[in-house]
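> Quick one, fold the following:
(2 chains)
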Amino acid sequence: AQSVTQLDSQVPVFEEAPVELRCNYSSSVSVYLFWYVQYPNQGLQLLLKYLSGSTLVKGINGFEAEFNKSQTSFHLRKPSVHISDTAEYFCAVRPNTGFQKLVFGTGTRLLVSP
Amino acid sequence: NAGVTQTPKFRVLKTGQSMTLLCAQDMNHEYMYWYRQDPGMGLRLIHYSVGEGTTAKGEVPDGYNVSRLKKQNFLLGLESAAPSQTSVYFCASSYGRENRDIQYFGAGTRLSVL
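Below you'll find the model as predicted:
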């Protein structure tokens, strides 16, 4: 079975500062990795995904994530955050074979203040 | 562009009452999902459907039933609500098997069971 760990439940940061949201996963098989974002009072939307190829993945709104197989991590980064980035961010994983379902982490709330 | 629409947005039930949550999507997606979101637990899959007339159990199916009589609709039923079912419920949909990880979410239904 797969599992996803997001150790930081909340990350406060000032506007224009860089941010990193951590995600580690556990799986005995190769996986696909995803980050979803949930803005206040909205559903989740896909931010970026890693399926194969380059380990550095760029997503929407200036976010990027790096897949590190040896450390089983998929951390999300942004060099300069905006107030509008305040949201909850979910890391998700799925085995890359067979019909498997997404497994979500518990989420990290990013709080951007002026 | 409605996307995924959930009805109702809020509901308060008494223990033992029943209700149905409606999810409608206008993107001609094959796959549909019901999740619940609880603090500190992320999203957990309740039931899902890979096509009209088909349903399958997810991670936490007990106490819920679903139906997919029409491709665009996915209903989630609670026959006898319990306080443990207090949660935020999200419906999602995706294209067929090859793009099932790109899920489009509704805005959620906040349910309280007293």
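> Tell me how far A:P40 lies from A:S9.
16 Å (CB to CB, to the nearest Å). Any C-beta I mention is one placed from the backbone N, CA and C, and that applies to glycine too.
> When the two are compared, which one has more neighbours?
A:S9 (12 against 7; other CB atoms under 10 Å in any protein chain shown).
> Which positions in chain A make contact with chain B?
Selection of chain A residues close to chain B by CB under 8 Å from any CB of the partner chain yields A:4, A:9, A:32, A:34, A:41-46, A:49, A:90, A:92, A:94, A:99, A:101-102, A:104-107.
> A:P12 in helix, strand or coil?
Following DSSP: H, G, I helix; E, B strand; the rest coil, A:P12 is assigned to strand.
> my read: it touches A:L111, true?
Yes - assessed by CB atoms under 8 Å, A:P12 is found in contact with A:L111 at 4.6 Å.
> So if I had to pick from the two, which one is more boxed in?
A:L111 (14 against 11).
> returning to that earlier point: from the residues of chain A next to chain B, list just the buried residues.
With neighbours counted by 16 or more other CB atoms under 10 Å in any protein chain shown, the residues of chain A next to chain B contain buried members at A:4, A:32, A:34, A:43-46, A:49, A:90, A:92, A:94, A:101-102, A:104-107.
> Among these, which lie within strands?
Filtering those for membership in strands, criterion DSSP state E, returns A:4, A:32, A:34, A:44-46, A:49, A:90, A:92, A:94, A:104.
> Could I get the residues you listed in CSV, plus columns for distance to B:N73 and pLDDT?
Below are these laid out as CSV (distance: CB to CB, whole Å; pLDDT from 0 to 100):
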residue, distance to B:N73, pLDDT
A:V4, 30, 93
A:Y32, 28, 91
A:F34, 26, 94
A:L44, 20, 88
A:Q45, 22, 90
A:L46, 23, 92
A:K49, 27, 92
A:F90, 26, 95
A:A92, 25, 94
A:R94, 25, 87
A:F104, 24, 91
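> wait, A:F104 sits on B:G42?
Yes - A:F104 lies in contact with B:G42 (CB under 8 Å); the separation is 4.3 Å.
> joint contacts of these two?
Overlap of the contact sets of A:F104 and B:G42 (by CB atoms under 8 Å, 6 or more residues apart in numbering or on different chains) consists of A:4, A:90.
> Point out the residues in chain B that sit beside chain A.
For chain B, the residues in contact with chain A (CB under 8 Å from any CB) are B:4, B:40-45, B:48, B:58-59, B:90, B:92, B:97, B:101-108.
> Just give the number of residues close to the spatially closest residue to A:V11 that is not a sequence neighbour.
For A:V11, the nearest residue in space outside its immediate sequence neighbours is A:L110; the separation is 5.3 Å by CB to CB, 6 or more residues apart in numbering or on different chains. Using other CB under 10 Å, the number of residues around A:L110 comes to 21.
> Fine by me, thanks again.
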